[in-house]
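Peer 1: What follows is a protein structure lacking sequence information:
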C-alpha cells in the first residue's frame with residue numbers, strides 16, 4: 001500500500017454490536033473511494049497449530065483480503081470467527097464504495113496491539129467503539145479506547161455504544 005494509493009482507515013473490530021456500530025460509522029462518515037479499510041482484530045489466545053502462527057504472534061497476520069476473511073476455512077487457520085453481519089458490512093462497503101477492505105489479526109492485549117497496528121501499518125486514522133463501561137468496571141478492566149486515544153499519534157474517533 002503506497003501512500004498515494006489512498007488513506008488507510010483502521011477500525012478496531014471484535015465482532016460485538018459496539019464494533020459493528022463503529023464499522024458502520026466509519027463506512028458512512030470516513031471512507032471514500034480509493035481508501036483502504038483495515039479491520040483490526042485482536043485475539044486473546046494464540047493456538048500453535050501452524051508454524052507460521054508463531055511468526056505472526058509478534059507482528060500480526062498478513063493483510064487478509066475481504067474475499068479470504070469471508071471464507072470460514074481460511075479464518076479457522078487464524079483462530080478467528082467473524083460473524084455474518086460484520087462480513088456483510090465489509091463486503092457491501094467494498095462493492096458500493098470502491099474501497100479495498102482487508103483484515104489484520106493480532107494476538108495479545110487489545111490495548112497494546114491496536115496501538116502497534118496504528119504505528120506499523122501505518123494508519124491515517126482509527127475508528128474504535130466504546131462499550132460505555134461504568135466507572136468501576138472501567139477502573140478494573142481498563143478502557144481499550146481510552147488507552148488508544150491517549151497513546152497513538154493518528155486521529156482517533158470513538159463511537160459510543162449507547163449514543
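Peer 2: Happy to help now that I have it. All of these numbers come straight from a predicted model, not from anything done at the bench.
Peer 1: I figured residue 156 hits residue 124, correct?
Peer 2: No. Applying C-beta atoms under 8 Å, one finds residue 156 not in contact with residue 124, separated by 11.3 Å. All C-beta spots, glycine's among them, are computed from the backbone N, C-alpha and C.
Peer 1: pretty sure residue 127 is in a strand, no?
Peer 2: Yes. Looking at residue 127 with DSSP: H, G, I helix; E, B strand; the rest coil, it is inside a strand.
Peer 1: Just the pLDDT for it.
Peer 2: Per-residue confidence for residue 127 comes out at a pLDDT of 97.
Peer 1: show me what contacts it?
Peer 2: When contacts are counted by C-beta atoms under 8 Å, 6 or more residues apart in numbering, residue 127 touches 9-12, 22-23, 25-26, 30, 156-157, 159.
Peer 1: you'd agree residue 111 is up against residue 144?
Peer 2: Yes. With the criterion set as C-beta under 8 Å, residue 111 and residue 144 qualify as a contacting pair; they are 5.1 Å apart.
Peer 1: Between the two, which is the more surrounded one?
Peer 2: Taking residue 111 and residue 144 together and counting by other C-beta atoms under 10 Å, residue 144 has the greater number of neighbours (23 against 16).
Peer 1: thought that one was touching residue 113?
Peer 2: No. Residue 144 is beyond contact range of residue 113, at 9.8 Å (criterion: C-beta under 8 Å).
Peer 1: just the strands in this protein please.
Peer 2: In chain order, the chain shows strands spanning 8-12, 36-43, 64-65, 100-107, 125-130, 156-160, with DSSP state E as the criterion.
Peer 1: The fifth one: partners in the sheet, and parallel or antiparallel?
Peer 2: Right, strand 125-130. Here strand 125-130 is paired, per DSSP bridges, with strand 8-12 (parallel), strand 156-160 (parallel).
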